[in-house]
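Chemist: dropping a prediction and its sequence here:
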Amino acid sequence: MKLEICHVTKYRYGAPVADSVNELRLAPRTDERQACYQHVLTVEPNVTMMSYEDYFGNRVHAFTAGEPHRELAIASRSTVVTRDSEIKRQTEEAPAASWARVRSDAFADKFAEYLLPSAYVTFQSATSSYAAGLVAGEGGVFDFVKGASARIYGDFEYKPLSTGVQTTADELIGIGAGVCQDFAHLLLAVCRIRGVPARYVSGYHFVGDLQGRNADFEQASHAWVEAYVPGVGWLGFDPTNNGLADWRYVKLAHGRDYQDIVPVKGVYRGTGEQELTVKVDVQLAAGEVEEERVTPG
């Protein structure tokens, strides 16, 4: 399915600011599930842009707005073709072999960065107790992660403004409500505590005419989790919507947690008085027709 995305970020300052240094992770990735056909970045005031790949393979654009300005506007426009992942469950190793693999020293060494705690993916008492309460049963890694995602969906309320950008997985359990970033961090913690490599994913979710708990969510910006399933590879799990990543999901970047993939971040010199507005629009490209699809698994 071809999707068109427009993501506009605007900062307005109470007085002129200067030497604004910024990093953007707004370029959709191209992988086995999606292809970025076009990506255009525009910034006002006019700046010189540089681009590079970070440690995780994400495309980063960086710039400095040196001259005094009272507004910084960043517009990212993309055209991305997505498809449903063909999850071949028969390629997953048998449950006993799958769990033996993730618990091996060689496996842990290979995926160490996605198995350790991080700033927001905490392994404190509340998180550890919650993870211990999730029983793997007789299923393999896929069934465990899918079940953990469903459990988080059922245990926590989706409630905008109930948490902040720096809320940890442990804090979410105490609050009992949060947003997609919080649910993703908790699923990451559960997976890692149980030895399953998992990484945070930022991107967009095409809502269309979907109904449900996110029907009134103004922005299409979204966060979910990719977990590594032996024999299959990295698969996307969305605890906010209790499902798997399909054609509706457009991936921007992945990392250990939100701190690694902040879409727009920077520093500047000047007043602390600022106003931030973000608008995200994800639409089907002209000529595309939305069809009902069933995600396997």
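Modeler: Noted; the coordinates are in hand. Everything quoted here is computed from the prediction, not taken from an experiment.

Chemist: can you give me the helices for the stretch 1-150 of the chain?
Modeler: Secondary structure of the stretch 1-150 of the chain (DSSP state H, counting those that start in this stretch): helices at 95-102, 105-110, 125-132, 141-155.

Chemist: the longest strand in this structure is where?
Modeler: With secondary structure taken from DSSP state E, the chain has its longest strand at strand 2-24.

Chemist: wait, Y37 sits on T30?
Modeler: No. Using C-beta atoms under 8 Å as the test, Y37 is too far from T30 to be in contact (9.1 Å). C-betas here are computed from N, CA, C, even on glycine.

Chemist: residue ranges with poor pLDDT in this structure?
Modeler: Applying pLDDT under 70 to the chain picks out residues 86-90, 209-219, 288-297.

Chemist: switch the cut-off to 90
Modeler: Residue ranges of the chain with pLDDT under 90: 32, 84-95, 135-139, 165, 207-220, 231, 272, 285-297.

Chemist: so which residues of it form strands?
Modeler: Counting by DSSP E, the strands of the chain are 2-24, 34-44, 50-53, 59-65, 69-82, 157-158, 177-178, 198-205, 221-229, 233-238, 243-244, 249-255, 264-269, 274-284.

Chemist: out of these, nearest to V141?
Modeler: Nearest of the strands of the chain to V141, taken as C-beta to C-beta: strand 221-229 at 4.9 Å.

Chemist: the inter-axis angle of the closest one versus strand 198-205?
Modeler: Angle of strand 221-229 versus strand 198-205, following axes from the mean of the first three to the mean of the last three C-alpha atoms, to 10 degrees, is 140 degrees.

Chemist: parallel or antiparallel, list what pairs with strand 221-229.
Modeler: strand 198-205 (antiparallel), strand 233-238 (antiparallel) (DSSP bridges).

Chemist: quick one on the thing from earlier: let's have the helices of the stretch 1-150 of the chain in TSV, adding mean neighbour count and distance to R192.
Modeler: Formatted as TSV, the helices of the stretch 1-150 of the chain follow (neighbours: other C-beta atoms under 10 Å; distance: least, C-beta to C-beta, whole Å):
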stretch	mean neighbour count	distance to R192
helix 95-102	17	11
helix 105-110	11	11
helix 125-132	16	9
helix 141-155	20	11
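
Chemist: tell me which of the ones you listed lies nearest to R83.
Modeler: Nearest to R83 among those is helix 141-155; the distance by C-beta to C-beta comes to 19.6 Å.

Chemist: about what we covered before: and the strands of the chain as TSV, adding mean neighbour count and distance to S98?
Modeler: What follows is the strands of the chain, written out as TSV (neighbours: other C-beta under 10 Å; distance: least, C-beta to C-beta, whole Å):
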stretch	mean neighbour count	distance to S98
strand 2-24	17	33
strand 34-44	15	26
strand 50-53	10	31
strand 59-65	18	32
strand 69-82	19	28
strand 157-158	14	31
strand 177-178	20	30
strand 198-205	25	15
strand 221-229	25	7
strand 233-238	21	13
strand 243-244	20	18
strand 249-255	24	22
strand 264-269	14	37
strand 274-284	14	35
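
Chemist: tell me which of the strands paired with strand 221-229 sits nearest to S149.
Modeler: Judging the strands paired with strand 221-229 by C-beta to C-beta, what sits closest to S149 is strand 233-238, at 4.6 Å.
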